[in-house]
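> Everything below, folded, please.
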Amino acid sequence: STGPFLFDHLFFTQGFYLIISFVVVYLLYIFDKKLTYLAVIFFMITGMAFNFINYSLGNFYEVKKTDRLIEFLSNKNNKILKKKNIYILVYESYANLETLNYYGFDNNNQINFLEKNGFKVYHGVYSNGSLSLESTSRILEMEGELSQHTRHYTSGNAFALDIFKANGYKTNALFYNSYFFGTSPISWDKYHPKGDVTLIGGKILTKTIFEGEFRFNIFDDINKNDIELKVMYDNYLKLKKKYLESSEKPSLLFTHNKYPGHSGNTGKCSPNENERYFKGIKKANTEMKNDVLNLLKNDPTSIVVLLGDHGPYLTKNCRELRNYDVNMIDKYDLQDRYGTFLSIYWPKDISNVEQNILITQDIFPAILSNITNNKKLFDELKIERKFFDRFENIVNGINVLDGVIKGGKDNGKPLFDKRSYPLTN
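Numbers count the residues shown, from 1 in each chain. Next up is the predicted model:
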């Protein structure tokens, strides 16, 4: 995460506060031992009080979430009638066609391949989150303002997943590494890997602090050479292939891969940043083709969603733009951070899909409205089509509402020229 932190990094800030705390306690101990003991006891008690409050609030939000699910299930028209297997395949930082054209990469062959195989490609789509956790958690929860940490939802504790479970679905999650699992209980019926983010060692944290970045691939690049990393990813691909060939019905699979990947998020673009991304796109395209052919062969009546979670961060400083003049930030900078790829395979018995899919967070509202008798479900479940950036630092406060840019160099213009949806304002 990024925010108003020391050197723009959370870990620098935490480390600095930790050092200052030790120094203050030590000096206080030298000056007055009794006062030191009282201060430590005070902070322990206040810490326990804050934890208790947070725990109580967490329980409150869980009850509220349960009420939301009960209300949803109480409507008989919301019952899932077409129990299709559902596959949500996320390709890390996979940009859409217009943005790739801007970078100088021609991806038309991949688009043609998908369309020839019955996939609908949705042009002009963006995410309301610019980071993996912020984007995917809102897809799963179908909510803009989140009450829990984002990993709570990617650990399987999400509204969309609860709906499918209540309708007899098994939910499966396959991730390349344990970045998406945190301290919340993991509620997927099946999942991989078994570790979670709390198992990061001190050596890894130290490395990320001195590198000045916190990336999800820190889980796999410590003490591993290129061959070992390849073996690790090959194992992920084998597991994915196994899931895609599974005959378990009805089931929902959510998987998030490694490619094409994004910039290093250091605040300075590498000399070969675009070339490295293009290489990643080619790898992702090969993987996507294999996934598609596998699914069409083994489960042709399923619903298949192919998407990117956010953009690859290749423009300007290849990072957040909080220190840039808003008048220097154009639509391609916004596309570069929030724009995404989206393509859906709708089986033959689901035709005339009329939903105005604008953001990746529209995925589950669209699916549910087409497998239940509630045709109004899309409008009932869709969330606000804007960026949710708590500190307004990713694009320096510029936003996009219903596909139209609000602020910056291209204020009032569409975020994308090539769109699969009409603009409403």
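> what about residue 388, helix or strand, and which?
Using DSSP states H and E, residue 388 falls within no helix or strand.
> ok, it - how many residues close by?
When neighbours are counted by other C-beta atoms under 10 Å, residue 388 registers 19. The way it works is simple: take the backbone N, C-alpha and C, and place the C-beta from them, glycine included.
> Not counting residues beside it along the chain, what's closest to residue 298?
residue 245 (5.1 Å; C-beta to C-beta, 6 or more residues apart in numbering).
> Can you check the pLDDT for the one you found?
Residue 245 carries a pLDDT score of 90 in this model.
> Could you measure from it over to residue 171?
Using C-beta to C-beta, to the nearest Å, residue 245 is found at 18 Å from residue 171.
> the more surrounded of the two?
Neighbours were counted for residue 245 and for residue 171 using other C-beta under 10 Å; residue 171 has more, 22 against 12.
> give me the beta-bridge partners of that one?
Residue 171 has these beta-bridge partners by DSSP bridges: residue 252.
> That one and residue 164 touch, don't they?
Yes: when contacts are counted by C-beta atoms under 8 Å, residue 171 is listed as touching residue 164 (6.3 Å).
> who touches both of the two?
Shared contacts of residue 171 and residue 164, defined by C-beta atoms under 8 Å, 6 or more residues apart in numbering, are found at residue 252.
> Helices along the protein, start to end?
10-31, 33-74, 97-103, 108-116, 132-141, 150-154, 159-166, 202-211, 226-244, 273-298, 331-338, 363-371, 377-381 (DSSP state H).
> So what touches the last one?
Judged by C-beta under 8 Å, 6+ apart, the contacts made with helix 377-381 from elsewhere in the structure are 78, 142, 355, 362, 364-366, 368-369, 374.
> Could you dump these into TSV with pLDDT added?
Output for these, formatted as TSV (pLDDT from 0 to 100):
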residue	pLDDT
78	97
142	97
355	88
362	98
364	98
365	97
366	97
368	98
369	96
374	96
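> Show me the two of the residues you listed that sit farthest apart.
Using C-beta to C-beta, the contacts of helix 377-381 span at most 17.2 Å, a distance reached by 78 and 362.
> Could you measure from the residue nearest to residue 350 when sequence neighbours are not counted over to residue 378?
Sequence neighbours aside, residue 370 is the residue nearest to residue 350 in space, at 5.1 Å (criterion: C-beta to C-beta, 6+ apart). According to C-beta to C-beta, residue 370 and residue 378 sit 9 Å apart.
> what touches both of these two?
residue 355.
> any low-confidence regions in the protein?
Residue ranges of the chain with pLDDT under 70: 1-18, 47, 49-65, 196-225, 425.
> go with 90
1-66, 177, 182-183, 194-232, 246-249, 264-267, 351-355, 375, 390-391, 422-425 (pLDDT under 90).
> sorry, back to before: surely the residue nearest to residue 350 and residue 346 touch.
Yes: between residue 370 and residue 346 there is a contact under C-beta under 8 Å: 7.4 Å.
> Now list whatever residues contact both of the two.
Common neighbours of residue 370 and residue 346 (C-beta under 8 Å, 6+ apart) are residue 353.
> OK, contacts around residue 356?
362, 421-422.
> Give me the buried entries from those.
362, 421 (16 or more other C-beta atoms under 10 Å).
> Just the closest of the contacts of residue 356 to residue 392, please.
Each of these was scored against residue 392 by C-beta to C-beta, and residue 362 proved nearest at 23.3 Å.
> Apart from its neighbours in sequence, what residue is nearest the closest one?
Closest to residue 362 by C-beta to C-beta, 6+ apart is residue 382, at 5.7 Å.
> Count the residues that sit near the one you found.
For residue 382, the count of nearby residues is 20 (other C-beta under 10 Å).
> Now do it against residue 82, distance only.
Using C-beta to C-beta, residue 382 is found at 20 Å from residue 82.
> Repeat that for residue 311.
33 Å.
> which of these two has more neighbours?
Just comparing residue 311 and residue 82: by other C-beta under 10 Å the higher neighbour count belongs to residue 311, 27 against 15.
> which residues touch the more buried one?
Residue 311 touches 93, 95, 99, 130, 262, 335-340, counting by C-beta under 8 Å, 6+ apart.
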